[in-house]
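> Predicted model and sequence follow; I will ask about them next.
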Amino acid sequence: MKEFLLILHTEGDVWTSLSPEKLQSHIQKGTAYITKLISEGKLKSAQPLDKGSRLVFESNGIIKDGPFNETNEVIAGYFHLLAKDIQEAVEIAKANPIFQDIPTKIEVHPMKIVGGIND
Amino acid sequence: MTNHTEITQLVDHLFRHESGRMIAVLTRIFGPENIDLAEDVVQDALAEAIHQWEYKGVPANPSGWLFRVAKNKALNIVNREKYKRKYSSDVIHYLKSAWTVEPAMDYLFSDQEILDDQLRMMFTCCHPAISTDSQVALTLKILCGFSIPEIAKAFLTSEETINKRLVRARQKIRETNISFEVPIMDEIGKRLDTVLETIYLLFNEGYSASTGDDVIRYELCAEAIRLTEIILTHPAIPDKSNVYALMALMLLNASRFKSRLDGEGNILLMEKQNRSLWDYSLMEKGFYFLHQSTVGDDISIYHILAAISSHHCSAPDFNSTDWNAILSLYDKLLLMDNSPVIILNRAVVISKVYGPVKAIDELEKIRRNSAMEKYRLFYSTMAEFYMQLNELKKAAACLEKAINLSPLNAEKKLLQQKLKKCNNK
């Protein structure tokens, strides 16, 4: 099994436009999706991100920090997966029911793990 | 408002059935080193049930209600003690993320997972690093929802002793990092043997007429059977032939449970038991499992003991018992385990087949054994043989020793009546 980091991009104010009915069904689908991953032993962790991200950067030799440059797009959270290969990780990302409800992009990154240390 | 005693009764019943299941799930969540935390949460949930139901009535699904409360309490603890407490469990991190907490909780509290957790709990409670006494006490407390006073009553010992055993067992689990897992392939056989031994001990404690309260004793037997059922239904156990044999043995014996006492709670010998009081539906199940147990190549002690018991069950009356067949089974048993208790029981069969003189010869072989010197049944059995030979002085001497060693008044009374008969002749 290899490890993958999935980063979810969504749009910031999208939830306010969904009806309560739609919100509820969204949560139910999401719950079923995550339950399935847990029971198959494929989910190491998954975490939503909170508001207030900062960006640390270097400018003319000085390290500064400032608000994370969010346009309309936000990083909603990440999934840390166990999968056979990148193809399976991509399939898992594609199956995320979030696509049915809101505009979403998911980055799928293979993680470089040193054997024996993280096991 | 519902009557208080009615609620207490309902919760007792639920406690037996649900507390073991809840503690098992919570231990999966908190890790076995926090087993006492799991016990506390369950105790708390039950206390809250009493408190609420007394005023608001019993909910439609009391078991679901309890699990929901236990679930919420567990979540509160994980949130509150996120950094204070260390959790070894492999699922705890799911509870710390908003995305995974609900799905993980639903998954962990699903019926199949709860069943798995109970099996894991059996292997944890019966880990070879824990002493046998503590294994039994822990199994009763955690998996069967027995209170400390009930366990003390079942073992004719003080609550303090039981508490010490439990404290030591939990300490051992922490110190030796005993995992909360069903062992894997090459290890499972040996570990399963320990679990079965503990269950059999539990059953015997309930079944043997030596100890206290009849109701508690019957429940010990029922719990031993229930735990075995969990093992039987579980796919993680590859070879179940010994489990079937143990189940057969317990059911065949349990089917005779209620005929062993007379109206006043005195112990009846098998020849005086009313066979119409036997529970034939349990017996039938016992025969079914005995048949199932013959599938594998292995023959365990449970197979032979079950076969012996089946001979007693299938005899239409005491006098037509097939003692020769039983003796040959005891001979096989002796090859596997030549412990003095088995030699003692075999001597009874010898007396039926060859008469009391030969039986006494057998007993003489173990007379010097230190356990037998303190074992009341050794002396009462010896006395029985001497009485059959009409050697009443020798019988009386044995009876006196047995009376001194017996912990139970009912048994003492029975022995004293016999002694009187010996002395009057």
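Received, thanks. These figures come from a predicted structure and were not determined experimentally.

> show me what contacts the residue nearest in space to the middle of chain A?
Of all residues in chain A, the one closest to the mean position by C-alpha atoms, centre = their mean is A:Tyr78, 2.8 Å from it. The contact partners of A:Tyr78, taken as C-beta atoms under 8 Å, 6 or more residues apart in numbering or on different chains, are A:5-8, A:46-47, A:49. The C-beta positions use only the backbone N, C-alpha and C, and glycine is treated the same way.

> Could you rerun that using 7 Å?
A:Tyr78 is in contact with A:5-8, A:46-47, counting by C-beta atoms under 7 Å, 6 or more residues apart in numbering or on different chains.

> can you check A:Gly66 too?
A:54-55.

> what about A:Thr16, distance to chain B?
18 Å (C-beta to the nearest C-beta, to the nearest Å).

> ok, back up a step: within reach of chain B, which of the contacts of A:Tyr78 are there?
A:46-47 (C-beta under 7 Å from any C-beta of the partner chain).

> can you confirm the residue nearest to the centre of chain A is in a strand?
Yes - under DSSP: H, G, I helix; E, B strand; the rest coil, A:Tyr78 falls within a strand.

> so it bridges to which residues?
Judged by DSSP bridges, the bridge partners of A:Tyr78 are A:Ile7, A:Gln47.

> Hmm, B:Leu95 is touching B:Ile77, no?
No - B:Leu95 is not in contact with B:Ile77 according to C-beta atoms under 7 Å; the separation is 9.7 Å.

> Can I get stretch B:235-248 as CSV, trimmed to CA atoms?
Output of stretch B:235-248 as CSV, limited to C-alpha atoms (Å, rounded to 0.1, in the frame of the first residue of the first chain):
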residue,chain,number,x,y,z
PRO,B,235,-15.2,-16.0,10.9
ALA,B,236,-11.8,-15.0,12.4
ILE,B,237,-11.5,-18.4,14.1
PRO,B,238,-10.3,-20.9,11.5
ASP,B,239,-10.6,-24.2,13.4
LYS,B,240,-13.7,-24.4,15.6
SER,B,241,-13.8,-28.1,16.5
ASN,B,242,-12.7,-27.5,20.1
VAL,B,243,-15.2,-24.7,20.4
TYR,B,244,-18.0,-27.0,19.2
ALA,B,245,-16.9,-29.6,21.7
LEU,B,246,-16.8,-27.1,24.6
MET,B,247,-20.2,-25.9,23.6
ALA,B,248,-21.6,-29.4,23.5
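
> could you give the mean pLDDT of that stretch?
If you average the pLDDT over stretch B:235-248, you get 92.

> re earlier: of the contacts of A:Tyr78, keep whichever come out buried.
A:6-8, A:46 (16 or more other C-beta atoms under 10 Å in any protein chain shown).

> can I get these in JSON lines with pLDDT?
As requested, those are exported to JSON lines (pLDDT from 0 to 100):
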{"residue": "A:Leu6", "pLDDT": "97"}
{"residue": "A:Ile7", "pLDDT": "96"}
{"residue": "A:Leu8", "pLDDT": "94"}
{"residue": "A:Ala46", "pLDDT": "92"}
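
> Tell me who's in contact with the residue in chain B that chain A sits nearest to.
Proximity of chain B to chain A (C-beta to the nearest C-beta) peaks at B:Pro103, 3.9 Å away. The contact partners of B:Pro103, taken as C-beta under 7 Å, 6+ apart, are A:31, A:34-35, A:38.

> Just the ones of the residues you listed in strands?
Among these, no member falls in strands (DSSP state E).

> Quick check: helices, which of those residues are part of them?
Assigned to helices by DSSP state H, the following of these qualify: A:31, A:34-35, A:38.

> quick one: which of the residues you listed has the most company?
A:Ile34 (25 neighbours; other C-beta atoms under 10 Å in any protein chain shown).

> which non-adjacent residue is nearest it?
Once flanking residues are discounted, A:Ile34 sits nearest to B:Pro103: 3.9 Å by C-beta to C-beta, 6 or more residues apart in numbering or on different chains.

> coming back round to it: of all the ones in helices among the contacts of B:Pro103, which comes closest to B:Thr139?
Here the nearest of the ones in helices among the contacts of B:Pro103 to B:Thr139, counting by C-beta to C-beta, is A:Ile38; it sits at 29.1 Å.

> Let me know the secondary structure of the residue nearest to the closest one when sequence neighbours are not counted.
Spatial nearest neighbour of A:Ile38, excluding adjacent residues (C-beta to C-beta, 6+ apart): B:Tyr107 at 5.2 Å. Look at B:Tyr107: counting by three-state DSSP, its state is helix.

> need the contact list for B:Tyr107.
A:35, A:38-39, B:113.

> The closest residue to B:Gln388 other than its chain neighbours: neighbour count?
Excluding its sequence neighbours, the residue lying closest to B:Gln388 (C-beta to C-beta, 6+ apart) is B:Pro356, at 4.4 Å. By other C-beta under 10 Å, the residues close to B:Pro356 number 20.

> Please apply the same query to B:Glu102.
17.

> burial count for B:Glu187?
Neighbours of B:Glu187 using other C-beta under 10 Å come to 11.

> And it, which helix or strand is it part of?
Applying DSSP states H and E as the criterion places B:Glu187 in helix B:185-207.

> quick one: contacts of that helix?
B:122-123, B:126, B:128, B:135-136, B:139-140, B:154-155, B:183, B:211, B:217-218, B:220-221, B:223-224, B:227-228, B:237, B:242-243, B:246, B:250, B:253.

> of those, buried ones?
If we count by 16+ other C-beta under 10 Å, those have these buried: B:122-123, B:126, B:135-136, B:139-140, B:154-155, B:183, B:211, B:217, B:220-221, B:223-224, B:227-228, B:237, B:242-243, B:246, B:250, B:253.

> Backbone torsions only: list them for B:Leu156.
When read as degrees, to the nearest 10, the backbone of B:Leu156 gives phi 50, psi 40.

> Wait, it touches B:Asn409, no?
No - in this structure B:Leu156 lies outside contact range of B:Asn409 using C-beta under 7 Å: 11.9 Å.

> Tell me which of the two has more neighbours.
Using other C-beta under 10 Å as the criterion, B:Leu156 and B:Asn409 rank with B:Leu156 on top: 13 against 8.

> so what's the closest residue to A:Ile98 other than its chain neighbours up against?
Leaving aside its sequence neighbours, A:Ile98 sits nearest to A:Thr104 (C-beta to C-beta, 6+ apart; 5.0 Å). Residues near A:Thr104 by C-beta under 7 Å, 6+ apart: A:8-10, A:98.
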